[in-house]
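Trainee: okay, predicted coordinates and the sequence, questions at the end:
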Amino acid sequence: MREIRCIVFDDGELIKALLAHGRRTGKNLPAGQITSFEIERAKEVVARMTITSDEGAKMVVPTSGAELAAAMIAYCIDRKVPVPAHSAKSITVIDDHVALKITMSGD
C-alpha cells in the first residue's frame, strides 16, 4: 500500500520558495522587479519569472526539474511542513497550481 500527499503552492509561495532557494544557492535573480510569473506544463513543469530592470529590460528566468523541487522542499522544511526524507517526490500541477507530490510506501 502507498500513501500520496500533495502540497499545493500558490504563485506567491512558489515565488518566495524560488527567491529563497536562489539566495541559499548563490543564484540570485537579476536586479529588477518580478513583472510576470507563469507555469508551463510541458514534459516537465517549468516556473517562469519575468524580471524587468529599472531601465525596462526584460529577462525570463525559468526553473524546473530538480532545482524547482529543491526550492519547494526547502520552503516546506523552513515552514516546518513535514517532508519525509525516504519518499519519492515529484512536481505536478493541480488546479493550475504547482504541487509537490510525495509518495510514501507502506513497507
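Mentor: Structure received. Numbering: from 1, shown residues only.

Trainee: in what helix or strand does residue 101 lie?
Mentor: Element membership for residue 101 (DSSP states H and E) is strand 97-105.

Trainee: need the phi and psi values for residue 78.
Mentor: Dihedral angles of residue 78 (phi, psi; degrees, to the nearest 10) stand at phi -60, psi -30.

Trainee: my guess is it meets residue 21, correct?
Mentor: No - at 10.2 Å, residue 78 does not count as touching residue 21 under the criterion of C-beta atoms under 8 Å. Placement of C-beta: from N, CA and C, glycine included.

Trainee: between these two, who's got more neighbours?
Mentor: residue 21 (19 against 12; other C-beta atoms under 10 Å).

Trainee: residue 83 versus the residue nearest to residue 35 when sequence neighbours are not counted, what's the distance?
Mentor: Residue nearest to residue 35 in three dimensions, not counting chain neighbours: residue 52, with 4.3 Å by C-beta to C-beta, 6 or more residues apart in numbering. For residue 52, the distance to residue 83 (C-beta to C-beta, to the nearest Å) stands at 33 Å.

Trainee: hang on, residue 101 packs against residue 87?
Mentor: No - Residue 101 is beyond contact range of residue 87, at 9.8 Å (criterion: C-beta under 8 Å).

Trainee: how about the helix or strand containing residue 76 as PDB, C-alpha atoms only?
Mentor: Here residue 76, judged by DSSP H and E, is contained in helix 65-78. C-alpha atoms of helix 65-78 as PDB (Å, rounded to 0.1, in the frame of the first residue of the first chain):
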ATOM      1  CA  GLY A  65      13.200  19.800 -12.500                       C
ATOM      2  CA  ALA A  66      15.400  19.100  -9.500                       C
ATOM      3  CA  GLU A  67      16.000  22.800  -8.900                       C
ATOM      4  CA  LEU A  68      12.300  23.500  -8.700                       C
ATOM      5  CA  ALA A  69      11.800  20.500  -6.400                       C
ATOM      6  CA  ALA A  70      14.700  21.600  -4.200                       C
ATOM      7  CA  ALA A  71      13.200  25.100  -3.800                       C
ATOM      8  CA  MET A  72       9.800  23.700  -2.900                       C
ATOM      9  CA  ILE A  73      11.200  21.100  -0.400                       C
ATOM     10  CA  ALA A  74      13.300  23.700   1.300                       C
ATOM     11  CA  TYR A  75      10.400  26.100   1.600                       C
ATOM     12  CA  CYS A  76       8.300  23.300   3.300                       C
ATOM     13  CA  ILE A  77      11.200  22.500   5.700                       C
ATOM     14  CA  ASP A  78      11.600  26.200   6.600                       C
END
